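Asks: Next one to model:
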Amino acid sequence: MNVHRPVVVGEAVASCGPPTVRVCFLYIAQAHQTLHSLSAAVELARQRPDIAVDVAAASADVLDYAQVVVALLGGAPLGWRLLGPAWLRALGGADGVPPKLPMLAANARILSRYDVIVAPERTTAALRRMGVSASLVYTQHGAGDRAGPFEPRLRQFDLVFAAGAKQRDRMISEGLVTPERCAVVGYPKFDLVDRLRPGLPKLFANDRPIVLYNPHFSPKVSSWPLWGLEVLRAFAGQQRYNLIFAPHLRLFDSRPPAKVACLAPFLGHSGIHMDLGGTSAAIDMTYTRLADVYVGDASSQVYEFLREPRPCLFLDPHATVWDGDESFRHWESGPVATTPNDLVGQIDRARRTHPAYRHSQLAAFHRTFDLTGAPASVRAADAIASLCQLGAPRSLAAVASGAQGRAAGERRATSPIEGRQRL
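Replies: Alright, predicted model coming up:
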């Protein structure tokens, strides 16, 4: 994956003795999940020498990507662990990720050595059934509205992060977490993207407005199965807009577009850029920052796009009764298309009517992300450190809110990245 060099680093902290607690940041899915917690691992390792922090992954590609990102952030005193066995890693699908539950079972004994396991993946809750007694922290890997992430496995975690009031209130109201087990920390992915400061590529030879089409992978809510090819045909047949087709990477398992037969008619089109998840640009907000208009359905990436309010158009091929449904609150941020006909005209109207949605977009963004003077990665690291010290959750509101957070600013790592440990 192509990533970009940071510009500035800051001061390191002095060591205060050997580590007394072991924390594992665990990644058993695709690379996009690392961006939601890796900056917190960096902060925790830099600021707390009494806590040994390891990063473990079930895929060599994911671990390599995490190492590159940490290096670009200036490095951190992290340990690196590639989970085995090799034969199980070899069973990975098209995206290279091996089966999650077998990988957890194969590594339960190793993971039992940690005091705290931090994961963006709810499947990690299964460690409870495998005899792992470490405290479990769920960081989330997005801040969308879809009902799927709000599910009973959250009760298995000792601490659950929320990006803002929206996630916190829904998890508590549905009885999935208690206030004492929920820490509002903001959105660490924003910290990581801001600190790397990647330059935006020029994808097209012209200056036409850019539309991002970002369908979800779940067929229950996705526009792709019913309308997706019609969307691509609409853009292929006009010369007013450029299109970035960047679906959720699970839709095509990050395969190259050339290996997806139905996309063959659109390969090489000068006005269509396709990325099915095979580059860092697909996961590091490059496309949500580049686009002038967002077209989608249920992906949480719409909230990353709304960091800068811009026109949105939502596609509803399922005749959804969505008004008042929390799982579709993002559809209040733009018009909802109930037919794929005249899609270009519907995008024109979304652009013209955007001022009417701007207030809703700002409200949705601030309801979704609790952003304070303290970086989210610092707030997340403080919440994990508090859990390490106490051995059990307490009210983490003050820590998570940044009241005890350190001032914003980037810090230089205390040591270079260590070599990967292969098992």
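Asks: Tally up the residues packed near Pro197, please.
Replies: No Pro there; residue 197 is Arg. Close neighbours of Arg197, defined as other C-beta atoms under 10 Å, add up to 12. For the C-beta atoms, the positions are set from N, CA and C on the backbone; glycine is no exception.
Asks: List the contacts of Leu35.
Replies: Leu35 is in contact with 69, 189, 192-193, 283-284, counting by C-beta atoms under 8 Å, 6 or more residues apart in numbering.
Asks: Low-confidence stretches in the chain?
Replies: The chain contains residues with pLDDT under 70 at 1-17, 198, 390-423.
Asks: what's the domain layout of it?
Replies: Domains of the chain are assigned by automatic domain parsing as 21-187+370-416, 210-368.
Asks: Which one of the ones you listed lies nearest to Leu200?
Replies: When those are compared by C-beta to C-beta, domain 210-368 sits nearest Leu200, at 5.5 Å.
Asks: tell me how far the ends of the closest one are from each other?
Replies: Distance across domain 210-368, first residue to last, is 25 Å (C-alpha to C-alpha, to the nearest Å).
Asks: Asp327 belongs to a helix?
Replies: No, residue 327 isn't Asp; it's Ser. Yes. According to DSSP: H, G, I helix; E, B strand; the rest coil, Ser327 belongs to a helix.
Asks: OK, contacts around it?
Replies: Residues near Ser327 by C-beta under 8 Å, 6+ apart: 145-147, 298.
Asks: Filter those down to the buried ones, ChimeraX style.
Replies: Buried residues within those, by 16 or more other C-beta atoms under 10 Å, are selected in ChimeraX with:
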select :145,146,147,298
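Asks: and the residue most central in space within the chain, what does it touch?
Replies: Note on the chain: the residue nearest the mean C-alpha position is His141, at 4.0 Å, using C-alpha atoms, centre = their mean. Going by C-beta under 8 Å, 6+ apart, His141 touches 32-33, 36-37, 120-121.
Asks: try 6 Å
Replies: Contacts here follow C-beta atoms under 6 Å, 6 or more residues apart in numbering; on that basis His141 touches 33, 36, 120.
Asks: before we move on, what about Phe365?
Replies: Applying C-beta under 6 Å, 6+ apart, we find Phe365 in contact with Leu306.
Asks: Check the secondary structure at it for me.
Replies: For Phe365, the secondary structure call by three-state DSSP comes out as helix.
Asks: follow-up on the earlier one: closest to Tyr303 among the contacts of His141?
Replies: Nearest to Tyr303 among these: His36, at 12.7 Å, using C-beta to C-beta.
Asks: Run through the residues that contact the closest one.
Replies: His36 is in contact with 120, 139, 141, 189, counting by C-beta under 6 Å, 6+ apart.
Asks: Using JSON lines, please lay out those residues together with distance to Ala385.
Replies: Output for the contacts of His36, formatted as JSON lines (distance: C-beta to C-beta, whole Å):
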{"residue": "Pro120", "distance to Ala385": "18"}
{"residue": "Thr139", "distance to Ala385": "14"}
{"residue": "His141", "distance to Ala385": "21"}
{"residue": "Lys189", "distance to Ala385": "20"}
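Asks: Need these in a markdown table (columns: secondary structure and distance to Leu26).
Replies: As requested, these are arranged in a markdown table below (DSSP: H, G, I helix; E, B strand; the rest coil; distance: C-beta to C-beta, whole Å):
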| residue | secondary structure | distance to Leu26 |
| --- | --- | --- |
| Pro120 | coil | 9 |
| Thr139 | coil | 10 |
| His141 | coil | 12 |
| Lys189 | helix | 17 |
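Asks: Mind checking what secondary structure Leu387 has?
Replies: Classification of Leu387 by three-state DSSP places it in helix.
Asks: Count the residues that sit near it.
Replies: Other residues near Leu387 come to 26 when the count uses other C-beta under 10 Å.
Asks: how far away is it from Asp323?
Replies: 39 Å (C-beta to C-beta, to the nearest Å).
Asks: How many residues are close by Val55?
Replies: Neighbourhood size, Val55 [other C-beta under 10 Å]: 29.
Asks: What are the phi and psi values at it?
Replies: Main-chain torsions, Val55, degrees, to the nearest 10: phi -110, psi 120.
Asks: Pull the contacting residues for it.
Replies: Shown in contact with Val55 (C-beta under 6 Å, 6+ apart): 25, 66, 78, 80.
Asks: so where do the strands sit in the stretch 1-150 of the chain?
Replies: Remark: strands assigned in the stretch 1-150 of the chain by DSSP state E, counting those that start in this stretch are 21-27, 51-57, 79-82, 116-119, 135-138.
Asks: Could you export those strands as a markdown table, including distance to Pro98?
Replies: Listed next are the strands of the stretch 1-150 of the chain as a markdown table, based on distance: least, C-beta to C-beta, whole Å:
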| stretch | distance to Pro98 |
| --- | --- |
| strand 21-27 | 12 |
| strand 51-57 | 10 |
| strand 79-82 | 11 |
| strand 116-119 | 16 |
| strand 135-138 | 21 |
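Asks: among those, which is nearest Phe204?
Replies: strand 21-27 (33.2 Å).
Asks: any idea how far Lys259 is from Asn214?
Replies: Lys259 is 20 Å from Asn214, by C-beta to C-beta.
Asks: Right, I'll call it a day here.
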